[in-house]
Each structure stands twice: as structure tokens, then as C-alpha cells.
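Sequence and predicted structure below; questions after.
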There are 2 protein chains.
Amino acid sequence: MKLPDAARDLIGAGANATLVTLNEDGSPQVSLVWVALRSDGDDDELVCGHFGEHRKVRNVRRDGRVALTVVSAENDGLMQHYLSVAGTARIEEGGAPELLAELAATLAPDSGFPPADAPPGWLTRIRVDRIGGIGPWFD
Amino acid sequence: MKLPDAARDLIGAGANATLVTLNEDGSPQVSLVWVALRSDGDDDELVCGHFGEHRKVRNVRRDGRVALTVVSAENDGLMQHYLSVAGTARIEEGGAPELLAELAATLAPDSGFPPADAPPGWLTRIRVDRIGGIGPWFD
């Protein structure tokens, strides 16, 4: 599916997100990642990059069911606004230096990351299946 | 297990957290909640309250395996610091008005929440089994 415009604006040129994957025993594993928005025909994808073959990468290879949240700086007077996404992920070889350089320009501009000799790494590409949360992207 | 002091400080008198539960088909479900820290003998618990019998409540009744993240305002120059917790949760009847009034005093002091006629609701009590993330609570 396509994300509503308000959700696209929240992600903008890159955002911090919690990414939930499933361990081999079915328990949830969660970490904080940077995500970028990509459009692929009729579907939106959220993409993150990794230089290490982390547990989340191995988890997605085994079971592509993921969930993701992006928290907004806005609130409704009570709760923070946030976008939640249920998605289906796949791992792609390579592409991490380019994606992470693009995201670092927004999220960590003075970091010197990624290094010039960074390995190709992996991308996690997440097709958006369903959204929820609190905010203008969800009724 | 007990949380390290730096993790206790991060949660303080209440914090926003993402709570991950497992749906009936094993897929992950995630929402933003308020959490409080409670100590129970040798274990720390993270506790959240609900007035509605939300999907997360029904999920925990069926499968207590949860994960939770609390994001810090600090960063290491590249990534936000965050605490991740793998835990085992159980649902307790009642107690939501008292817990949510306590948390609202920290997290939404001008909200008038919860209302005086709030129902007893439910608590989700999460025993901390393992921690991770990026920050002084985790090497």
C-alpha cells in the first residue's frame, strides 16, 4: 500500500524507527534503525541499511513479518503521535553505504558516517501492509 | 533481573515506550505506551495501564513474550541512545486509574487524564528478562 501524505511527511528524508523482527523461537526482537521511504509502483517501502549481519538481518531472512514505529514530535495533548507499520521485509545484498550516506546527511550530518571504505552490507526492504498509531495518518 | 541504574534513570517517574506483543498468527504488534518502573524483590517490572481491552492486552493473555524500547534524548554522535527490554508479561485486573494518574503527572500534567469516573481497566506487568540497545545501560 501507499502511505498517506502525513505519514510520508513524518518520515521525510529519513527518520529514526523501531524495527521489530521475529527470533527463531517466535519471540520479538526490537532495535532502533534509520529508515528511508522508497516508492515502488503501487507500494511504499521503508528501507534500512546494515553493515553487520545483525540478528535482525538473520531474522528477516527466516521470517519476513516485521513491525515498525516512527514517533512524531507532535502530541494530541495526551499521547505522542506515532506511526506504526505492519510490513513484509526482505534482505537485499549491498547498497548500505549509499543509503546510509543519504540518511546520515539528515540524521547525523557531522558524524563522518559512513566511512569511505564501508563494506556493501545489506538492505532491509519493508513493504507496507497496514498502518496504525495515533496521528493525522490514521483515523 | 534488576535494571542498571542508568536504565532506571532513563525511565525515571515514567516514560514513553514502544510495546511489542505477538498476534495470534505470531506476527508482531506494536504500540506506544506509558511505562512505570516497579521493583518486586529481585526483579524489576515495567508496568503499563489500559482502560480498553486492546489487542495488546488480549495478545499478552495468550503469549506473554514481549519487547519494549525506551528512546533517550541523548545520542552517541551517530545513533540515538535507547534501551531495549525483552520481557515476560502478564495481565492484572484493575489498577489502571491509579497508575495512569501517576504517569500523567509526569507525562501529560495538563491533560485532565484520567477522568474521575475511569473504569478499573487492566495492568500489563512486564518482568525484565534481558536488556540491550545503545547507551550507558548496555556495553
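Happy to help now that I have it.

Can you tell me the SS state at the residue lying farthest from the centre of chain A?
Here chain A reaches farthest from its C-alpha mean at residue A:77, the gap being 26.6 Å by Cα atoms, centre = their mean. Under DSSP: H, G, I helix; E, B strand; the rest coil, residue A:77 falls in the coil class.

So residue A:7 belongs to a strand, correct?
No. Going by three-state DSSP, the assignment for residue A:7 is helix, not a strand.

That one against residue A:82, yeah?
No. Taking contacts as Cβ atoms under 8 Å, residue A:7 lies outside contact range of residue A:82: 10.5 Å. For glycine as for every other residue, the C-beta is placed from the backbone atoms N, C-alpha and C.

any residues in contact with both of those two?
Residues touching both residue A:7 and residue A:82 (Cβ atoms under 8 Å, 6 or more residues apart in numbering or on different chains) are residue A:135.

picking up where we left off before, distance of the residue farthest from the centre of chain A from chain B?
Look at residue A:77 and chain B: by Cβ to the nearest Cβ, to the nearest Å, they are 6 Å apart.

Same check on residue A:23?
Where chain B is concerned, residue A:23 sits at a distance of 9 Å (Cβ to the nearest Cβ).

any idea which element residue A:74 lies in?
Taking DSSP states H and E as the definition, one finds residue A:74 inside strand A:65-75.

Name the residues that touch that strand?
A:10-11, A:15-22, A:35, A:46, A:60, A:80-89, A:124, A:126, A:133, A:135, B:16, B:18, B:20, B:26-32, B:71, B:108.

wait, is residue A:33 part of a strand?
Yes. Assessed with three-state DSSP, residue A:33 lies in a strand.

isn't it right up against residue A:20?
No. Residue A:33 is not in contact with residue A:20 according to Cβ under 8 Å; the separation is 10.5 Å.

okay, and for chain A, where does confidence drop off?
Across chain A, the ranges flagged by pLDDT under 70 are A:139.

Show me the longest helix that occurs in it.
helix A:96-107 (DSSP state H).

List the buried residues of that one.
Using 16 or more other Cβ atoms under 10 Å in any protein chain shown as the test for burial, helix A:96-107 gives A:96-97, A:99-100, A:102-104, A:107.

Return only those of those residues found close to chain B.
Restricting those to those touching chain B (Cβ under 8 Å from any Cβ of the partner chain) yields residue A:104.

if we can go back for a sec, just the buried residues out of the contacts of strand A:65-75, in PyMOL syntax.
Restricted to buried positions by 16+ other Cβ under 10 Å, the PyMOL selection for the contacts of strand A:65-75 reads:
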select buried, (chain A and resi 10+11+15+16+17+18+19+20+21+22+35+46+60+80+81+82+83+84+85+86+87+88+89+124+126+133+135) or (chain B and resi 16+18+20+27+28+29+30+31+32+71+108)
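
Return the backbone torsion pair for residue A:122.
Note on residue A:122: backbone dihedrals following degrees, to the nearest 10 are phi -140, psi 150.
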